[in-house]
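Participant: no FASTA, just this:
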């Protein structure tokens, strides 16, 4: 996550996560009902979605808040998301 953040920034990583989520949901809608095992082929996108969004939000909280308040920002972000 650190290399991606240095190269692309938290906003781009957040967009990547949102794009992967949209792709995953759209692909789920095209799966045939009688082949539910195909869901397993799309599940790696969940890891990309969840991991990239979490890393981007932590970095966002760390860069946008005054020094020493990073934990408060992360707590607020998790409170709003959950």
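Facilitator: Sure thing, it's come through. Only a predicted model underlies this, so the values are computations on that prediction, with no experimental measurement involved.
Participant: element containing the residue of the chain positioned farthest from its centre?
Facilitator: Farthest-out residue of the chain from its mean C-alpha position, per CA atoms, centre = their mean: residue 34, at 29.5 Å. Using DSSP states H and E, residue 34 falls within no helix or strand.
Participant: Grab the nearest non-local neighbour of residue 45.
Facilitator: Excluding the flanking residues, the one nearest residue 45 by CB to CB, 6 or more residues apart in numbering is residue 24, at 4.2 Å. In this view, the C-beta of every residue, glycine as well, is placed from N, C-alpha and C.
Participant: pLDDT score for that neighbour?
Facilitator: Note for residue 24: predicted pLDDT of 89.
Participant: ditto for residue 54
Facilitator: 86.
Participant: helix or strand for it, which one?
Facilitator: Going by DSSP H and E, residue 54 is in helix 39-64.
Participant: related to what we said a few turns ago, wait, what's in contact with the residue farthest from the centre of the chain?
Facilitator: Residues counted as contacts of residue 34 (CB atoms under 8 Å, 6 or more residues apart in numbering): none.
Participant: returning to that earlier point: mind giving me the packing neighbours of the next helix-or-strand element following the helix holding residue 54?
Facilitator: Downstream of helix 39-64, the first helix or strand assigned by DSSP H and E is helix 70-81. Using 3 or more CB pairs under 8 Å, 6 or more residues apart in numbering; DSSP states H and E, the elements in contact with helix 70-81 are helix 39-64.
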